[in-house]
Every structure is written in C-alpha cells, then in structure tokens.
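In: have a look at this prediction, sequence included:
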Amino acid sequence: MPHVDINNVRNFIGKTIDCQRRRLRHYPLTFREIRGQIYIVDRNHVLIPFAEDERIDYDYIVEGANDNEH
C-alpha cells in the first residue's frame, strides 16, 4: 500500500489522498505547508501538524479535489 512519510510528504503538498477502507483517520486528507510547517487537513477541516515519525497509508490521490479552493 502506498504511503506518505517524512521522506515524500513534500510531493503531496496541495494534494488530497483517500482510502477505500478508512481507518484511524478522517479521510480524505489534504496536505498544506504554512510557514515551513507541513499540516494535514482532514474532512472536518481540522489542521493537524505532520509528525516526523508519521506514516499515512492511502489507496489513491483524489483528482480535482482542490479545484474550487481559494
């Protein structure tokens, strides 16, 4: 299963990921960078700092999820 960790998280900034079987998190998750810190935004619009030892599994990247953001 593909995953996001500290080694590849910068490739996911501005992208949204999701899982077929959602467990342990409130998918879909979107990655943001604010003042050099990377955050995860969940479906409830909660901003969560991305920890260095964190690993987030996903099944696919959601296409067009961020098209209507300002």
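Out: Everything's here; your move.

In: how about the helices in the protein?
Out: With DSSP state H as the criterion, the chain has no helices.

In: report how many residues lie close to the residue lying closest to residue 10 once chain neighbours are set aside.
Out: Distances taken as CB to CB, 6 or more residues apart in numbering place residue 38 nearest to residue 10, at 7.5 Å, with adjacent residues excluded. The way it works is simple: take the backbone N, C-alpha and C, and place the C-beta from them, glycine included. Neighbourhood size, residue 38 [other CB atoms under 10 Å]: 19.

In: isn't residue 38 right up against residue 8?
Out: No. Contact criterion CB atoms under 8 Å: residue 38 and residue 8 do not qualify, at 11.3 Å.

In: with adjacent residues omitted, what lies nearest to residue 49?
Out: Residue nearest to residue 49 in three dimensions, not counting chain neighbours: residue 39, with 5.8 Å by CB to CB, 6+ apart.

In: all set now, cheers.
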